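*Asks:* okay, structure incoming, though there's no sequence with it:
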């Protein structure tokens, strides 16, 4: 797993909102990237809802939050709509970014070994390097833990920018298609010709009901 001080791998991934988000759009900005095992499972739902409820505080600090799992962008859209998640969920079905970060690991359950996602979180600084790592986290308290750390560790002065996105291609039926993950290994440079996009991420319009909040 990558450590503090390592350069964060570059990426370009589809999200549940039908947009593509890349590290180039976040260049010069601090952000949180958290990996979770599976959409709409108990622990992952509690963790996502905690980030949702704390998002105004993250926005006050100027720090975007990005979630990521191997689920499809359509599964992400359903998950976000069900719980009113107000931040992007990135799709990495081929585990390219997960492997680059070292979050795709061997697990064991009831004596059976299998590969899966280690619940973990990274804070990437405005210089493109990893500032903090949580390798194993508690779904219920982790969002507050990350927020508390950020509040005591001011980011280096840099201009605030909005996460930019680009539309993913659609099928003839109008349904979005997840783009193949494009990941650059840590330490490689980016082309100076990369253009910055300015479109804002479309946040889900669904708001969670009182029952959904209770279940989260």
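*Replies:* Arrived safely. Only a predicted model underlies this, so the values are computations on that prediction, with no experimental measurement involved.
*Asks:* next one: the closest residue to residue 141 other than its chain neighbours from residue 137, what distance?
*Replies:* Once flanking residues are discounted, residue 141 sits nearest to residue 50: 7.7 Å by Cβ to Cβ, 6 or more residues apart in numbering. C-beta here means a position set from N, CA and C on the backbone, and glycine is covered the same way. To residue 137, residue 50 is 11 Å away according to Cβ to Cβ, to the nearest Å.
*Asks:* residue 85 now?
*Replies:* To residue 137, residue 85 is 18 Å away according to Cβ to Cβ.
*Asks:* repeat that for residue 51.
*Replies:* Separation of residue 51 from residue 137 (Cβ to Cβ) stands at 11 Å.
*Asks:* quick one: which of these two has more around it?
*Replies:* Using other Cβ atoms under 10 Å as the criterion, residue 51 and residue 137 rank with residue 51 on top: 24 against 20.
*Asks:* how long is stretch 50-69 end to end?
*Replies:* End-to-end span of stretch 50-69 (Cα to Cα, to the nearest Å): 17 Å.
*Asks:* oops, could you answer that again for stretch 55-65 instead?
*Replies:* End-to-end for stretch 55-65, by Cα to Cα: 8 Å.
*Asks:* quick one: the helices in the protein?
*Replies:* For the chain, the helices defined by DSSP state H occupy 42-60, 73-83, 96-101, 142-152, 210-215.
*Asks:* angle of the first one against helix 142-152?
*Replies:* By that I understand helix 42-60. On the basis of axes from the mean of the first three to the mean of the last three Cα atoms, to 10 degrees, helix 42-60 is oriented at 20 degrees to helix 142-152.
*Asks:* residues contacting helix 42-60, please?
*Replies:* Here helix 42-60 makes contact (Cβ atoms under 8 Å, 6 or more residues apart in numbering) with 32, 34, 36-38, 64-65, 67, 69, 79, 83-87, 89, 119, 137, 139-144, 147, 150, 208, 213, 215-216.
*Asks:* just the buried members of those?
*Replies:* Buried subset of the contacts of helix 42-60 (neighbour count, 16 or more other Cβ atoms under 10 Å): 32, 34, 36-38, 64-65, 67, 69, 79, 83-87, 89, 119, 137, 139, 142-143, 147, 150, 208, 216.
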